[in-house]
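Visitor: let me see the structure of the following:
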Amino acid sequence: MRRSGPSTERLLAWALDPVLFALDCGLPDPDIHQQRILRSEAPQLGILASRQFGKTEYTANVALRTALLAAATLVLVLARAQRQAIELLRRVSTQLAALGGLAPATLTVDNAQSLEFSNASRIVSLPSTEANIRGFSSPALIAIDEAARVPDDLYHAVRPMLAIGRGRVIALTSAWGKFGWFYGAWTEGGAQWERIEVRADQCERFDPAWLAQERAALGERIFRREYLCEFGDVDESVFAADLVDRAFDNDLEPVFPGGVFGR
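Guide: Residues are numbered from 1 along each chain as shown. From the prediction side, this is the model:
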């Protein structure tokens, strides 16, 4: 039997309303924060959210919509560990299956590293090593999962891919240490980034009593990092970030104004 696919009216509705597309993909009615993720058109979007908020699920939906609504579109997915990027692809596949006959394109390639569609669009999971991710150009979207943990060299290797096509970047993460490219973009990136921050205590799906149990089980430092979006010291840090910050004083006169060896 020939697939009917979505009507022209449905395609137009998806183009105008990303939330409708998400609902057709089987996602639950999104809250106000998830709607912001779906509707954002920012060239650079940072999502700093509590664990279990749903940031991966809704970013996967943005990736799927990007690939389906425009032919020959490239979407790249990057994470610190490739298994995380593969998980985002798995969620894309699940959402596509939920569309059923409404899907405007079918899968022609479906494996752990890439999804390819009958409209010639692709969603590709990138390896987690800088040396193996070069070669792609003009992606419409680069999604970076657990961005606060993605090393600087990986991020710096994918940025030039946007130079010609001027595609989007969505960096989604929970908080981590006070270092790295994402922390710099979040705290000092200025108006170039749209920022969406969602703490667990701002989300009605989290039971306050359960969060209190988590606080007791994890301890204050880890709880605030994982659920309250607070960057802080991580276990591998030799010195606390505030101690390092206090070691610098811009008001002091340099001992050697011209450098150790003069000018």
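
Visitor: and the residue nearest the centre of this structure?
Guide: The centre of the chain sits closest to Leu172, judged by Cα atoms, centre = their mean, with a distance of 2.8 Å.

Visitor: looks to me like that residue is in a helix.
Guide: No - Leu172: not assigned to a helix; according to DSSP: H, G, I helix; E, B strand; the rest coil it is strand.

Visitor: tell me the pLDDT of it.
Guide: Note for Leu172: predicted pLDDT of 98.

Visitor: mean confidence score for stretch 223-232?
Guide: Stretch 223-232 comes out at a mean pLDDT of 97.

Visitor: just give me the neighbour total for Ala185.
Guide: Ala185 has 20 neighbours, counted by other Cβ atoms under 10 Å. (Each C-beta comes from the backbone N, C-alpha and C, glycine too.)

Visitor: thought it was touching Ala171?
Guide: Yes - look at Ala185 against Ala171 with Cβ atoms under 8 Å: they come within range, at 7.2 Å.

Visitor: give the other helices and strands that the top helix by length along the chain contacts.
Guide: Identified as the longest helix of the chain according to DSSP state H is helix 82-99. Counting contacts by 3 or more Cβ pairs under 8 Å, 6 or more residues apart in numbering; DSSP states H and E, helix 82-99 is packed against helix 55-69, strand 74-79, strand 107-110, strand 114-117, strand 122-125, strand 141-145.

Visitor: buried set for that helix?
Guide: Residues 82, 84-85, 87-89, 91-92, 95-96, 99 are the ones in helix 82-99 that count as buried (16 or more other Cβ atoms under 10 Å).

Visitor: what's in contact with that helix?
Guide: 24-27, 56-57, 59-61, 63-64, 77-79, 103, 107, 110, 112-115, 123, 125-128, 143, 145-146 (Cβ atoms under 8 Å, 6 or more residues apart in numbering).

Visitor: so Leu38 touches Pro30, yeah?
Guide: Yes - counting by Cβ under 8 Å, Pro30 is a contact partner of Leu38 at 6.4 Å.

Visitor: what do these two both touch?
Guide: 19, 22, 58.

Visitor: pull out the buried members of the residues you listed.
Guide: 19, 22, 58.

Visitor: where's the second one relative to Asp145, distance?
Guide: Ala22 sits at a distance of 18 Å from Asp145 (criterion: Cβ to Cβ, to the nearest Å).

Visitor: for the first one, same thing?
Guide: Relative to Asp145, Val19 is positioned 22 Å away (criterion: Cβ to Cβ).

Visitor: now Ala163
Guide: Applying Cβ to Cβ to Ala163 and Asp145 gives a distance of 23 Å.

Visitor: quick one, which of the two is more surrounded?
Guide: Asp145 (24 against 10).

Visitor: OK, contacts around that one?
Guide: With Cβ under 8 Å, 6+ apart, Asp145 has these contacts: 56, 59, 77-79, 84-85, 87-88, 172-173.

Visitor: repeat that for 10 Å
Guide: By Cβ atoms under 10 Å, 6 or more residues apart in numbering, Asp145 lies in contact with 55-56, 59-60, 77-81, 84-85, 87-88, 125, 170-173.

Visitor: and those, which of them are buried?
Guide: For the contacts of Asp145, buried by 16+ other Cβ under 10 Å: 55-56, 59-60, 77-80, 84-85, 87-88, 125, 170-173.

Visitor: chain neighbours aside, what residue packs nearest to Leu27?
Guide: Asn61 (6.2 Å; Cβ to Cβ, 6 or more residues apart in numbering).

Visitor: any idea how far Val92 is from the one you found?
Guide: 8 Å.

Visitor: overlap in contacts of those two?
Guide: Common neighbours of Asn61 and Val92 (Cβ under 10 Å, 6+ apart) are Cys25.

Visitor: count the neighbours of the closest residue to Pro43 other than its chain neighbours for me.
Guide: Nearest residue to Pro43 in three dimensions, chain neighbours excluded: Arg168, at 5.5 Å (Cβ to Cβ, 6+ apart). Arg168 sits with 20 neighbouring residues when counted by other Cβ under 10 Å.
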